[in-house]
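Visitor: Give me a model of this one.
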Amino acid sequence: MKDRSKLTTEKRNRRTGDIDRRTTLQIVDAISAEDALVAPAVRRQRRQLAAGVDLIVERFRRGGRLFYVGAGTSGRLGVLDASECPPTFGTRPSLVQGIIAGGRRALVRAIEGAEDSAADGAAALDARGAKGDDAVVGIAACGLTPFVHGALRRARRIGAASLFVTCSPEVVSRVRADVVICPVVGAEAVTGSTRMKAGTATKLVLNTLTTAAMVRLGKVYGNLMVDLKATNAKLRDRSERMVMELTDLSRPAARRLLAQARGEVKAALVMHARGVGYRRARELLAASSGLLREVIGQNPKKPPDSS
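Guide: Just a heads-up that it's a prediction; the model follows:
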């Protein structure tokens, strides 16, 4: 598309055309009113989101990884979501990776022109050793970023699953990807500033993709993040509280159990519910592909008849 002015993300917003003449409170209200449009727009993509999650889970189960590829705000959001998966879900850092045009420096400083090379996008994916078992999510609010499209073309060429996230419905029919997710949030309060509504929508989409995928993989029991890595005081406290809630143990007892389980909440819960040691607990979890509910059932407070 040669005329970018036709893109939704580049159009002027008639509701905020005089925003520079409003009071501070009126400016805040105008931005808030626009932000209120984001969640419904993302919800309208629920079927596409579900299809994307299923595709990512299928690749994970094949031993593949997930790569986010983007530039500017889109790239930063991908790196952010990827970086939060290890502490939240106990994944290895290589499972979900974020690639941003311009590399690490672009995380904290805009690098002009980094997004304009499709060849660089493909090369960035090659540098991570992307393979056919992987999934690649291209993120481009405007839908046109060459760096992102270069990476997606490489993904298709090697047989990797391809997803595309954009807020520009005008480009959807031209995108070649297995799943296209396009929350239409409308023109920005400040024309072209896709760090605003488009950025918020993108974060919701990425959070949903990884969180739902991790739920499907058994990283969550009920709504508790039982595979977290307790790397700080807050997460150690959360681990203890989860064990206490699910076993009725006192905090000191929960702390001792976690110590025996090497800090692993899942293993601790299996040890308590099945009356087994750490090694056997890990074996049982491995046999169930990490699905805690298959090992301890609905109520870990009541041990089953046999181990």
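Visitor: Can you name the next helix or strand after the longest helix seen in the chain?
Guide: When the chain is parsed with DSSP state H, its longest helix is helix 197-216. Next helix or strand after helix 197-216 toward the C-terminus (DSSP states H and E): helix 233-247.
Visitor: in that following helix, what's buried?
Guide: 235, 238-240, 242-244, 246-247 (16 or more other C-beta atoms under 10 Å). Where you see a C-beta, it was placed from the backbone N, CA and C, and this is true even at glycine.
Visitor: now the angle between helix 233-247 and the very next helix or strand once past that helix, please.
Guide: Per DSSP H and E, the first helix or strand lying C-terminal to helix 233-247 is helix 251-260. Counting by axes from the mean of the first three to the mean of the last three C-alpha atoms, to 10 degrees, helix 251-260 lies at 110 degrees to helix 233-247.
Visitor: Residue numbering should commence at 559 henceforth.
Guide: New numbering, starting at 559: the last item is helix 809-818.
Visitor: Just the CA trace of the next helix or strand after helix 809-818, in PDB.
Guide: Using DSSP H and E, the helix or strand that follows helix 809-818 towards the C-terminus is helix 823-832. The C-alpha coordinates for helix 823-832 follow below in PDB (Å, rounded to 0.1, in the frame of the first residue of the first chain):
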ATOM      1  CA  VAL A 823       5.300 -25.500  43.700                       C
ATOM      2  CA  LYS A 824       4.100 -28.300  41.400                       C
ATOM      3  CA  ALA A 825       6.500 -30.900  42.900                       C
ATOM      4  CA  ALA A 826       5.600 -29.800  46.400                       C
ATOM      5  CA  LEU A 827       1.900 -30.300  45.700                       C
ATOM      6  CA  VAL A 828       2.400 -33.700  44.300                       C
ATOM      7  CA  MET A 829       4.700 -34.700  47.200                       C
ATOM      8  CA  HIS A 830       1.900 -33.700  49.600                       C
ATOM      9  CA  ALA A 831      -1.000 -35.100  47.700                       C
ATOM     10  CA  ARG A 832       0.600 -38.400  46.700                       C
END
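Visitor: residues in contact with the helix or strand that comes right after helix 823-832?
Guide: Using DSSP H and E, the next helix or strand after helix 823-832 towards the C-terminus is helix 836-845. Residues outside helix 836-845 that contact it (C-beta atoms under 8 Å, 6 or more residues apart in numbering): 818-820, 824-826, 828-829, 832, 834, 850, 853, 865.
Visitor: any idea how far L613 is from R813?
Guide: Using C-beta to C-beta, to the nearest Å, R813 is found at 40 Å from L613.
Visitor: Could you save the buried residues of helix 791-805 as JSON lines and add columns showing distance to T582?
Guide: Formatted as JSON lines, the buried residues of helix 791-805 follow (distance: C-beta to C-beta, whole Å):
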{"residue": "L793", "distance to T582": "38"}
{"residue": "R796", "distance to T582": "38"}
{"residue": "S797", "distance to T582": "43"}
{"residue": "E798", "distance to T582": "44"}
{"residue": "M800", "distance to T582": "43"}
{"residue": "V801", "distance to T582": "48"}
{"residue": "M802", "distance to T582": "46"}
{"residue": "L804", "distance to T582": "48"}
{"residue": "T805", "distance to T582": "51"}
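Visitor: closest to F625 among these?
Guide: L793 (26.1 Å; C-beta to C-beta).
Visitor: Which stretches in the stretch 559-708 of the chain count as strands?
Guide: With strands called from DSSP state E, counting those that start in this stretch, the stretch 559-708 of the chain shows them at 624-628, 654-658, 693-697.
Visitor: thinking again about what came up before, so for R813 and L613, which residue has more residues nearby?
Guide: Comparing R813 with L613 by other C-beta atoms under 10 Å, the one with more neighbours is L613, at 20 against 16.
Visitor: Relative to D691, how far out is that one?
Guide: 12 Å.
Visitor: Kindly report the same for V773.
Guide: V773 is 21 Å from D691, by C-beta to C-beta.
Visitor: do G855 as well
Guide: Distance from G855 to D691, by C-beta to C-beta: 32 Å.
Visitor: Looking at these two, which one has more neighbours?
Guide: Neighbour count, other C-beta under 10 Å: between G855 and D691, D691 has more, with 17 against 12.
Visitor: could you list every residue that touches that one?
Guide: Going by C-beta under 8 Å, 6+ apart, D691 touches 617, 620-623, 718.
Visitor: Now it. Nearest residue, chain neighbours left out?
Guide: G622 (3.5 Å; C-beta to C-beta, 6 or more residues apart in numbering).
Visitor: Got the confidence number for that neighbour?
Guide: The per-residue pLDDT reported for G622 equals 98.
Visitor: That one touches V694, doesn't it?
Guide: No. Counting by C-beta atoms under 8 Å, V694 is not a contact partner of G622; they are 10.0 Å apart.
Visitor: which residues do these two both contact?
Guide: Shared contacts of G622 and V694, defined by C-beta under 8 Å, 6+ apart, comprise 718-719.
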